[in-house]
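Undergrad: Sharing a model that was predicted from the sequence below.
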Amino acid sequence: MARVLVVDDEPNIVLSLEFLMQQAGFEVTTAEDGEKALELVSSINPDILLLDISLPGISGFEVLENLRGQDAFKRLPIIMLTAHGREVEKEKGLALGADDYVTKPFSTQQLVEKVTKLIQEKEGGNKGV
Amino acid sequence: MSDWVTLGVAFSYLAILFLIAAWGDRRAEQGRSVINSPVVYTLSIAVYCTAWTFYGSVGRATDSGPSFLLIYLGPTLAMLLGWMMFRKMIRIARAQRITSIADFISARYGKSGPLAALVTLIAVVAIMPYIALQLKAITVSHAVLSGYPLLPTDISGENFWIDKSLWIALVLAVFTILFGTRHLDASERHEGMVAAIAFESIIKLVAFLALGLFVVFSLYQGPADLFRQAADHPGLIDSMGLDAVPGGAVGWVGTLVLATLAFITLPRQFQVLVVENVDEQHLKKASWMFPLYLVAINLFVIPVAFAGVLLGGAAQEPDSFVLTLPLAAGLEALPLIVFIGGLAAATGMVIVETIALSTMVSNHLVMPLLLRWKWLHLDPSRNLSGWLLGIRRIAILIILLLGYLYHALIGESYSLVTIGLVSFAAAAQFAPALLLGLYWRGANGLGATLGLIGGFLVWAHTLLIPGFAQSGWLSMTLIEQGPWGIEWLKPYSLFGLEGWDIYTHSLFWSLLVNLGFLIGISLFTRQNSLEQTQAALFTEGLRPDVMQTPLWLGQTTRGELYQLLNRYLGVNTTFKVFRNFDPERKPGADDELIAPPDLIGQAEQALTGALGSASARVLINSVVRGEALDLEAVLSILDTTTQTLEYNKRLEQKSTELARIGEELRSANERLRELDRLKDEFVAMVSHELRTPLTSIRAFAEILRDSPDVATDKKNHFLGVIVKESERLSRLIEEILDLARLESGRMRLNPERLDFKQLAQDSADAITQLYQEGQVALAVELPEDAAWVVADPDRLQQVVINLLDNARKFADHNQPQVKLKLQTWKKHWRLSVEDNGPGIAEEEREKVFEKFHQIQQQHGKGNDKSRPRGSGLGLPISRGIIAHLGGRLWVENPQELQGARLIIELPRAPEQPPPSFEESV
Amino acid sequence: MKAPMNHSRLVGLTLLACLFFMPPLLLIFDRPSSSGLSWLPVYIFIVWLIIIGLAAWILEGSRDE
């Protein structure tokens, strides 16, 4: 079962994402700040990361940058979640190596589709290797 | 003393003058001018000191006490203003190639020919006796020198060839012709002549000082000895007081004014000060060096006069004291030196005056007459340039001979002083036209002409004609009973004005008439356009930008212009003018190209230098067809430049102002940009804050929609989240609106008198449930009595609840405590809300009032979910509300609970509400 | 801009000279010394030299224009 790590500091959003991912058949772990997220990525090695940008302490961008700097997580699918709708931030996220970018409030269906697709791609890619 | 020795010395001296002048001219041709020095310039101005000074000062000191000094104090005053006045005249004269005072006055009043002729006539009448006076001084001094101890005999009447002054006059004529008419262009400097004049000034000063030193230190044992002896002489005891001055105080002032004006207007002074000036900067030094020269030459006048009187009969006439004193002492060399000094003083004056007068006579009397003769015009091949010089040379000869004749025939009856002052008074008639013309643009030619005529007639009536009477040429009844027996026309007491000395009397009446006409007529008649232009150019003469704009608008060919110049100036000068203008084009009489206005202007200037401005204008007019002068254009240029100057000054002020405004604008712009950035940030923050609850709402709503089979308790939980987040959203919107209202000043507050104590209690009660849920202990400490403030109760409660809510959120997790306290502080009520949380660092305390500022939660222990984040707008809104209510809200050091402590301060309202207040509410 | 300043100084000096060279100030010094001769000429020469000195000071002090 694919593992999804949800990182957001808004408990209600985490709650909804947790429910959605579980419903889609994934195993869900949650974190509410960047530090914990990095710990969890290393420890549980998730298949996909849903990462909010505005986190207390280490921001989502920093987490992303950190992970892309580690060889082990260069290919980890990461979807940025953010309430900042500005183009610059989207570009920044993609430039830093995010696989996708979802603006809050998001469509739950689309989000689930994106997550599923990315996990399949990842698995396909792994098989290919 | 042998006559031949004296004559030999005299003519040797004159020979030296020729050598010096020749040397000066040669140096000038080599481009190494000897007169280009302020000292030489100063010495040339000292041509003011004539034989009248040399011999006459002592005579005047003897007769009239210290009044002789006035003749030199006047020039001192004029030179003090010279840096402004003479410099202006020099600039104008240079720009317009003006060659004499007659030309200057005529040019100022529209290049008027008649006015120039009038000035020339007056000058000739006024100056001729003065020249005669110099010749007489030479004759008399020579007679004293050769005849002493006999009285000088009158020899001038009979065999005139025996009179040495005739021969000296002829030698001077030769000198003046040689060195005064070398160039056709009279505006060119006569360098050799000026060098000779400067040399003469040294000689006369040295001679007089030598005599003075001899008298004081050789005849007497120093000044103390001389003055002690003089004080014992009954005739001298009162001689140096004001009582000795003719006319007393009035006479004193009158003579001072007379000398001041005459110094400015005497033709020879105009010649050396203005025409012969090399560099206007020399004026700066001359302005104080020339007065110093005057002091030096006057230093020994009183001692010499005293010594002469003390000597008694052997000293002869006071005018001769300077010679008789050393002669009586039996000296030979010193009297000769003094004689040469007197000769230097006399010849210097004669030379310069003759050049000035001859230029005026030829340019303003003879040439205009010749120009009227048709036959001169009819033959264009006739070259007139030779004529011009010839006329000037003849004029020199005639002037000197007339001067000699005057001396020989009339002069005997006048004393030196009398002639000098009479001349001064006539020359002073030029002063109103000259000086007013320099500074008052409105003075016009008609006024100047009539003023001059009037002043001249009054002068003639009050000084010249009675002078004739006193010489025995007319009956004395004229003076005693007035002309035709009319009492109030008596020359020396016109309209019964008695008790003044004759010079002050004449000066007063003549200047009164002169000024009266000039001002009165100028005020009531119009200037023609040429006059307007010239008036503007003259009065603006000191302005550096007053250029000679091309005045001519009419048309002529270069060829015609060439012919005209060639006729009057000769081929060399003409060539020079054309070559200067256009080095490329070969000048010629058959050049059919249209002459540009600049060239016509330069041609006119060249002619002006030779012929004077009036004649030059007539000549140019004779070849230029069409509109003669573009006067309107010149005037408008002048006025424009005046305006431009004014403009520049204002522009300068404006530009500094603009720079300042620019600086302000830049900083304002910076502020605006900062505000813009803040606004962008605010909008981003707001959208972020709005999106967060919306995200939860949408997510759960979609979940509920897409998953109908969710368990009921979960469903309810999700629905609860939706409701909560919706409330959060509404709150947020309300807060944003509040903030917008606060910032735009549109927040409606309804202040009323209320009990803060009650309000604090109510707020605490309202939030009790939340506190109980979080198990936060709330301690409330309120005063016993009512705490009256004026505030909007709803808003104030909103603030207090906000503070209590914040405190609850930030209080310590394990044992959360909050304290609410109300107390008085001076004239205020202070409500403090304190928690036992982590507190707010000192540097963060103001930042918490910024919009959307989130206090950084500490990691490690602050990641419990029970602490909801606020919007970050509560505190800014609270502070805004309190500020609107006239109070303050800030973070204070913790007092009792070691956490954050926020304080609301509101002014205390009166205990008892004033009745009117209640009624009005 | 220094020139007009100098001009006013010179005008001021001229007015001062007029004041000193004319009655009534003149009358103050028109009194006999111990010897019986009037102080007037001495006064005039002294004031004259002072005025010249001031003029030199004003004019030579400025090197502009």
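TA: Perfect, I can see it now. Numbers count the residues shown, from 1 in each chain, chains lettered A, B, ... in the order given.
Undergrad: Compute the number of surrounding residues for the closest residue to B:Gly886 other than its chain neighbours.
TA: Once flanking residues are discounted, B:Gly886 sits nearest to B:Pro907: 5.8 Å by Cβ to Cβ, 6 or more residues apart in numbering or on different chains. In short, each C-beta sits where N, CA and C put it, glycine included. B:Pro907 has 15 neighbouring residues, counting by other Cβ atoms under 10 Å in any protein chain shown.
Undergrad: mind checking how far the helix or strand where B:Pro907 lies is from the chain centre?
TA: Using DSSP states H and E, B:Pro907 sits within strand B:901-907. Distance of strand B:901-907 from its chain centroid, counting by Cα atoms, centre = their mean, to the nearest Å, is 66 Å.
Undergrad: ok so, going back, the residue nearest to B:Gly886 is in contact with B:Lys827, isn't it?
TA: Yes: the pair B:Pro907 and B:Lys827 qualifies as a contact (Cβ atoms under 8 Å) at a distance of 6.2 Å.
Undergrad: ok so, going back, quick one: contacts of the strand holding B:Pro907?
TA: B:756, B:789-791, B:799-800, B:803, B:806-807, B:825, B:827-835, B:882, B:885-895 (Cβ atoms under 8 Å, 6 or more residues apart in numbering or on different chains).
Undergrad: most residues in a single helix of chain C, which one?
TA: Secondary structure of chain C per DSSP state H: the longest helix is helix C:40-61.
Undergrad: Please identify the buried residues of it?
TA: C:40-41, C:43-45, C:47-48, C:51-52, C:54-56, C:58-59 (16 or more other Cβ atoms under 10 Å in any protein chain shown).
Undergrad: hang on, the earlier thing: bridging residues for the residue nearest to B:Gly886?
TA: B:His828 (DSSP bridges).
Undergrad: quick one: average confidence on the longest helix of chain C?
TA: Averaging pLDDT along helix C:40-61 yields 90.
Undergrad: Show the contacting residues for the closest residue to B:Glu191 other than its chain neighbours.
TA: Computed as Cβ to Cβ, 6+ apart, the closest residue to B:Glu191 that is not its neighbour in sequence is B:Ala28, at 3.8 Å. Counting by Cβ under 8 Å, 6+ apart, B:Ala28 touches B:34-35, B:189, B:191-192.
Undergrad: Please, which helix or strand holds B:Ala28?
TA: Assigned by DSSP H and E, B:Ala28 falls in helix B:3-29.
Undergrad: Using PDB, write out every CA atom in the very next helix or strand once past that helix.
TA: Once the chain leaves helix B:3-29, the next helix or strand it forms, by DSSP H and E, is helix B:38-45. C-alpha atoms of helix B:38-45 as PDB (Å, rounded to 0.1, in the frame of the first residue of the first chain):
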ATOM      1  CA  PRO B  38      46.700 101.400 -13.600                       C
ATOM      2  CA  VAL B  39      49.500 103.700 -12.500                       C
ATOM      3  CA  VAL B  40      49.900 105.300 -15.900                       C
ATOM      4  CA  TYR B  41      46.100 105.500 -16.100                       C
ATOM      5  CA  THR B  42      46.100 107.300 -12.700                       C
ATOM      6  CA  LEU B  43      48.800 109.700 -13.800                       C
ATOM      7  CA  SER B  44      47.000 110.500 -17.000                       C
ATOM      8  CA  ILE B  45      43.900 111.300 -15.000                       C
END
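Undergrad: angle of helix B:38-45 against helix B:3-29?
TA: 130 degrees (axes from the mean of the first three to the mean of the last three Cα atoms, to 10 degrees).
Undergrad: Which strand or helix spans the residue of chain A found nearest chain C?
TA: Scanning chain A for proximity to chain C using Cβ to the nearest Cβ identifies A:Val88 as nearest, at 56.3 Å. Taking DSSP H and E as the criterion, A:Val88 maps to helix A:87-95.
Undergrad: So which bits of that helix are buried?
TA: A:89-90, A:92-93.
Undergrad: how about these in CSV, adding pLDDT and distance to B:Thr418?
TA: Below are the buried residues of helix A:87-95 laid out as CSV (pLDDT from 0 to 100; distance: Cβ to Cβ, whole Å):
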residue, pLDDT, distance to B:Thr418
A:Glu89, 77, 109
A:Lys90, 80, 112
A:Lys92, 82, 109
A:Gly93, 81, 114
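Undergrad: Tell me which two of the residues you listed sit farthest apart.
TA: A:Lys90 and A:Lys92 (7.2 Å; Cβ to Cβ).
Undergrad: For the top helix by length along chain A, enumerate the helices and strands it packs against.
TA: Ordering each helix of chain A by length in residues (DSSP H) puts helix A:108-128 first. Using 3 or more Cβ pairs under 8 Å, 6 or more residues apart in numbering or on different chains; DSSP states H and E as the contact criterion, the elements in contact with helix A:108-128 are helix A:11-23, strand A:48-52, strand A:78-82, strand A:100-103, helix B:631-706.
Undergrad: And that helix, what's buried?
TA: A:108, A:111-112, A:114-116, A:118-119, A:122.
Undergrad: Would you tell me which one of those residues comes nearest to B:Arg94?
TA: Looking across the buried residues of helix A:108-128 and measuring by Cβ to Cβ, the closest to B:Arg94 is A:Lys114, at 94.4 Å.
Undergrad: show me where pLDDT drops low in the stretch 151-300 of chain B?
TA: B:152-163, B:186-187 (pLDDT under 70).
Undergrad: how about the helices of it, start to end?
TA: Taking DSSP state H, counting those that start in this stretch as the criterion, the stretch 151-300 of chain B carries its helices at B:164-180, B:191-213, B:222-232, B:248-265, B:267-270, B:282-298.
Undergrad: Of the ones you listed, which stretch is the most buried?
TA: helix B:267-270 (a mean of 27; mean count of other Cβ atoms under 10 Å in any protein chain shown).
Undergrad: who's in contact with that one?
TA: Contacts for helix B:267-270 (Cβ under 8 Å, 6+ apart): B:45, B:47-48, B:89, B:100-102, B:104, B:123, B:127, B:263, B:349, B:352-353, B:356-357, B:360, B:427.
Undergrad: Among those residues, which are located in helices?
TA: B:45, B:89, B:101-102, B:104, B:123, B:127, B:263, B:349, B:352-353, B:356-357, B:360, B:427.
Undergrad: Enumerate the residues of chain A near chain B.
TA: Contacts of chain A with chain B, taken as Cβ under 8 Å from any Cβ of the partner chain, map to A:9-13, A:15-17, A:19-20, A:23, A:32-33, A:35-36, A:54, A:56-57, A:83-86, A:103-109.
Undergrad: Buried ones among those residues?
TA: Buried among the residues of chain A next to chain B (16+ other Cβ under 10 Å): A:9-10, A:12-13, A:15-17, A:19-20, A:32-33, A:35-36, A:54, A:56-57, A:83-84, A:103-106, A:108.
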